[in-house]
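Engineer: I'd like to go over a predicted model; first the sequence, then the structure.
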Amino acid sequence: MRYLTEFHDPELAQRLLDTIAATATRRWTLMEVCGGQTHAIIRHGLDQLLSEQIEFIHGPGCPVCVTPLEMIDQALAIAARPEVILCSFGDMLRVPGSASDLFSVRAAGGDVRVVYSPLDAVGIAEANPDREVVFFAVGFETTAPAAAMAAVTARRRRLANFSMLVSHVLVPPAMEAVLGAPDNRVQAFLAAGHVCTVMGTAQYEPLVAAYHVPIVVTGFEPLDLLDGVRQAVEQLEAGRAELVNAYPRAVRAEGNPAALAMLGEIFTVCDRAWRGIGTIAASGWRLAPAWADLDAQTRFGVADLTVAESPLCHSGAVLQGRIRPPDCPAFGTRCTPRHPLGATMVSAEGACAAYYQYRRLAPAGWTP
Amino acid sequence: MTSVDMSGWSCPAPLRDYPRIVLGHGGGGVLSAELVEHLFLPAFAPRSNAGAALADAAVLEVAGARLAFTTDSYVVRPLFFPGGSIGELAVHGTVNDLACRGAWPVALSSGFILEEGLELAVLDRVARAMGAAAAACGVRLVTGDTKVVEHGRADGLYVNTSGIGVVPPGVDVRPERARPGDRILLSGPIGEHGVAVLSVREGLEFGGDLRSDTAPLHGLVAAMLAASADGVHALRDPTRGGVATALCELAAGAGIGVEFTESAVAVPPAVDAACGFLGLDPLQVANEGRLVAFVADADTDAVLAAMRAHPAGADTAVIGTVTADHPGLVVARTAFGATRIVDRPLGDNLPRIC
């Protein structure tokens, strides 16, 4: 497939590694924002290969990880109802709520289905008019357009039995929260390329200006990431702070106008709790008032459900880049993918899961 | 924050987390293995050596002959997919489990669980596929059973096949024989079966002309053993959980370390694209016509040549070696020269959100 193999070329990668090594006069601290980028960095060992030049701080961009505990518990409560078919993206099923997960609800008789697209949930609603079908709409700006499309489609088809449990989150406010923290160490960002495919790049100009921080919009294949690092290092070494698009094959400055128009109609910006981080002002989307009839929180009366996080789990510090996953006392012992204490251990995109899967032991002959 | 002493801590007691069976218990990964080790083995044979390597088939001494015996159930959905059906799988899967002990398959049983309302034409198609596959393998379907359950209590049909085979004299293929210095051979490109099934199961339009790799492997194994009966130490067909699981099970079962070069593992472009799209790791995707072989270093050239000369192994590659370092652990060297640990999936692979 084009656009995959080209961006895995070892010779080109070595050239970029050499360029970065020749450019960097010191070790710089970068945050890759998106969980997909974190996984690619660890899976391909880019952090090992750049260990002298770059410290990667893994950003809060894993949608599973940051979905707040009360949202998971609300999903569990809704999914346990006999009339409900709860549709979710696959990796939400193993995320622990305060006492259970969606796999367990399903094993106990709940009808929980994995969908690849929110539109599949609309199809399920159409095929099951006697059931209530709820789509668990989580994720960043990347997944939100498809959720918006599901809402529009359900209304167009007059499906009274379709609703959405919405917990969408927005990247720029989280980046600003990282930058504004008193102990922030992030010197440059690799911004999440696919978020920018939808939203465009203009949102980052104020951050670049206010915090004098280079922001490089970056893709997800190894060469994308290395080129993003190269551009960030070149700026840092020159003392510049600019917004650069290093992922032009997918990202246009204006984003996706059709998606943006639909998002503006369906959703409205709200404060949002981030699991492990806390509430960030204006960092989420909820259904706009005109679409409130699709809101599963009110339809099933779960909005008031609130709960507490495991005190052992340090996923908040991980998500904010204050500690690395192995620094958490529960990492790999009390907390594993088999028994995750926090969502960062659950999703394939979660930073703790990435470390557990690829790095939990240093084999003999290990070259960091 | 609560203060906790982590020094003496070990993993939580298996099965404690899920009081009921979840789908992941059937995924061939960690949950499946724990079910076998901590529930079935203690119940079936309390004094047996729990944790001992479990091979694809048991080898029994019967009246001076060595018979391999295995069983497998097939619940694939949909029943028909590009490149095959549940019928071929039910024959090839069991034949291959026998072959991975070096056995020549002799006979299979077939047990059907049918859902009320299943169309006879569908059952006929599956049965014919089984018959044709068995004939092509030179193995007979000699006994069987049929049960019908009420509508809604099964998903169309399930098949169980058990198989017996004869282990030729001088052949001893089992996980424990893998040893440091062995070379690791993979008989072809990976991921085709899992992605072919997924592409039709989820109604996703990808995969192009991708077809399941389902195929019998006993002919290939016989050719390998003819090249070096003693040098073929261990074999595994990387079905559920893929090559990652096969290597991890071998590493854990034999107490050896495995190192392999990621770029030596052939991933067809369509598999690579589908996995990238769905957030799956090709190393964890199922194959039904591939095997992983652990071969003595001195015999590698001969076995490799024999495999490449056989149609089922034409694309065989040496992907790695067995090491005494990091026993129980599988380490991949990435295309860029870094290393990473390769693990089994916990249960079923979960597609990523984005």
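Structural biologist: Noted; the coordinates are in hand.
Engineer: Quick one: neighbours of the residue nearest to B:R333 when sequence neighbours are not counted, just the number.
Structural biologist: Among residues not flanking B:R333 along the chain, B:T261 sits closest, at 5.0 Å (C-beta to C-beta, 6 or more residues apart in numbering or on different chains). Any C-beta I mention is one placed from the backbone N, CA and C, and that applies to glycine too. Residues lying near B:T261 (other C-beta atoms under 10 Å in any protein chain shown) number 16.
Engineer: And for A:T268?
Structural biologist: Count around A:T268 with other C-beta under 10 Å applied: 16.
Engineer: and it, what are its bridge partners?
Structural biologist: Beta-bridge pairing of A:T268 under DSSP bridges involves A:R286.
Engineer: before we move on, back to that, hang on, the residue nearest to B:R333 packs against B:I319?
Structural biologist: Yes: proximity of B:T261 to B:I319 meets the contact threshold set by C-beta atoms under 8 Å, at 6.2 Å.
Engineer: which residue packs closest to A:A253, ignoring adjacent ones?
Structural biologist: Spatial nearest neighbour of A:A253, excluding adjacent residues (C-beta to C-beta, 6+ apart): A:T201 at 5.1 Å.
Engineer: Determine the three-state secondary structure at the closest residue to chain A within the stretch 1-150 of chain B.
Structural biologist: Chain A sits closest to B:R20 of the stretch 1-150 of chain B, with a gap of 3.9 Å, by C-beta to the nearest C-beta. Under the three-state scheme (DSSP: H, G, I helix; E, B strand; the rest coil), B:R20 adopts coil.
Engineer: What of the one 4 residues further on?
Structural biologist: At B:G24, secondary structure determined by three-state DSSP is helix.
Engineer: For A:G59, which non-adjacent residue is spatially closest?
Structural biologist: Of all residues beyond its chain neighbours, the one nearest A:G59 is A:V33 (4.0 Å), with distances taken as C-beta to C-beta, 6+ apart.
Engineer: Is that neighbour in contact with A:V169, as I believe?
Structural biologist: No: with contact defined as C-beta under 8 Å, A:V33 does not count as touching A:V169 (11.9 Å).
Engineer: can I assume B:D145 sits in a strand?
Structural biologist: Yes: looking at B:D145 with three-state DSSP, it is inside a strand.
Engineer: Return the residues in contact with it.
Structural biologist: B:109-112 (C-beta atoms under 8 Å, 6 or more residues apart in numbering or on different chains).
Engineer: For the closest residue to chain A within the stretch 201-350 of chain B, give me phi and psi.
Structural biologist: In the stretch 201-350 of chain B, the residue that lies nearest chain A is B:A338 (2.0 Å; C-beta to the nearest C-beta). Main-chain dihedrals, B:A338, degrees, to the nearest 10: phi -90, psi 170.
Engineer: how deep is it tucked in, by neighbour count?
Structural biologist: The number of residues packed near B:A338 is 22, by other C-beta under 10 Å.
Engineer: Let me know the pLDDT of it.
Structural biologist: On the pLDDT scale, B:A338 is placed at 91.
Engineer: show me what contacts the closest residue to it other than its chain neighbours?
Structural biologist: The shortest distance from B:A338 to any residue other than its chain neighbours is 2.0 Å, reached at A:G45 (C-beta to C-beta, 6+ apart). Residues near A:G45 by C-beta under 8 Å, 6+ apart: B:334, B:336-340.
Engineer: Of those, which is the nearest to B:D299?
Structural biologist: Nearest to B:D299 among the contacts of A:G45, counting by C-beta to C-beta, is B:T339 at 27.4 Å.
Engineer: and the closest one, what are its bridge partners?
Structural biologist: Per DSSP bridges, the residues bridged to B:T339 are B:R333.
Engineer: That one reaches B:R333, doesn't it?
Structural biologist: Yes: between B:T339 and B:R333 there is a contact under C-beta under 8 Å: 5.5 Å.
Engineer: Just give me the longest helix of chain A.
Structural biologist: In chain A, assigned by DSSP state H, the helix with the most residues is helix A:222-238.
Engineer: Given the next helix or strand after it, what are its sheet partners and their directions?
Structural biologist: Sequence-wise, the next helix or strand downstream of helix A:222-238 (DSSP states H and E) is strand A:243-245. Strand A:243-245 has the following strand partners under DSSP bridges: strand A:215-218 (parallel).
Engineer: May I have the strand it pairs with exported as CSV, CA atoms only?
Structural biologist: What follows is strand A:215-218, C-alpha atoms only, in CSV (Å, rounded to 0.1, in the frame of the first residue of the first chain):
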residue,chain,number,x,y,z
ILE,A,215,4.6,23.2,17.2
VAL,A,216,5.2,20.8,14.4
VAL,A,217,2.1,19.1,12.9
THR,A,218,3.3,15.5,12.5
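Engineer: Run through who's touching that strand.
Structural biologist: A:32, A:37, A:188-193, A:196, A:201, A:204, A:207-208, A:224-225, A:227-228, A:231-232, A:235, A:242-247, A:251.
Engineer: tell me how far it is from the chain's mean position?
Structural biologist: Centroid separation between strand A:215-218 and its chain, computed with C-alpha atoms, centre = their mean, to the nearest Å, is 16 Å.
Engineer: Tell me which residue lies nearest the centroid of the chain.
Structural biologist: Because you didn't say which chain, this covers chain A. A:C62 (2.6 Å; C-alpha atoms, centre = their mean).
Engineer: I was after chain B.
Structural biologist: Nearest to the mean C-alpha position of chain B, by C-alpha atoms, centre = their mean, lies B:T239 at 2.9 Å.
Engineer: pLDDT score assigned to the residue nearest to B:A338?
Structural biologist: Reported pLDDT for A:G45: 91.
Engineer: try A:C335
Structural biologist: Among the per-residue scores, A:C335 shows a pLDDT of 78.
Engineer: now swap in the one 5 residues further on and tell me
Structural biologist: According to the predicted model, the pLDDT of A:P340 comes to 72.
Engineer: Ok, B:L35 next?
Structural biologist: 83.
Engineer: residues touching the nearest residue to it once chain neighbours are set aside, list them.
Structural biologist: Leaving aside its chain neighbours, B:L35 sits nearest to B:H25 (5.3 Å; criterion: C-beta to C-beta, 6+ apart). By C-beta under 8 Å, 6+ apart, the contact set of B:H25 is B:18, B:31-32, B:35, B:347.
Engineer: Can you tell me which helices and strands the lengthiest strand in chain B packs against?
Structural biologist: Criterion DSSP state E: the longest strand present in chain B is strand B:104-115. If you count contacts as 3 or more C-beta pairs under 8 Å, 6 or more residues apart in numbering or on different chains; DSSP states H and E, strand B:104-115 packs onto helix B:86-99, helix B:120-137, strand B:140-149, strand B:157-166, helix B:218-227.
Engineer: I'd like these laid out as JSON lines, including mean pLDDT and distance to A:F56.
Structural biologist: Shown next, in JSON lines, are the helices and strands packed on strand B:104-115 (pLDDT from 0 to 100; distance: least, C-beta to C-beta, whole Å):
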{"stretch": "helix B:86-99", "mean pLDDT": "97", "distance to A:F56": "42"}
{"stretch": "helix B:120-137", "mean pLDDT": "97", "distance to A:F56": "50"}
{"stretch": "strand B:140-149", "mean pLDDT": "96", "distance to A:F56": "53"}
{"stretch": "strand B:157-166", "mean pLDDT": "97", "distance to A:F56": "47"}
{"stretch": "helix B:218-227", "mean pLDDT": "98", "distance to A:F56": "44"}
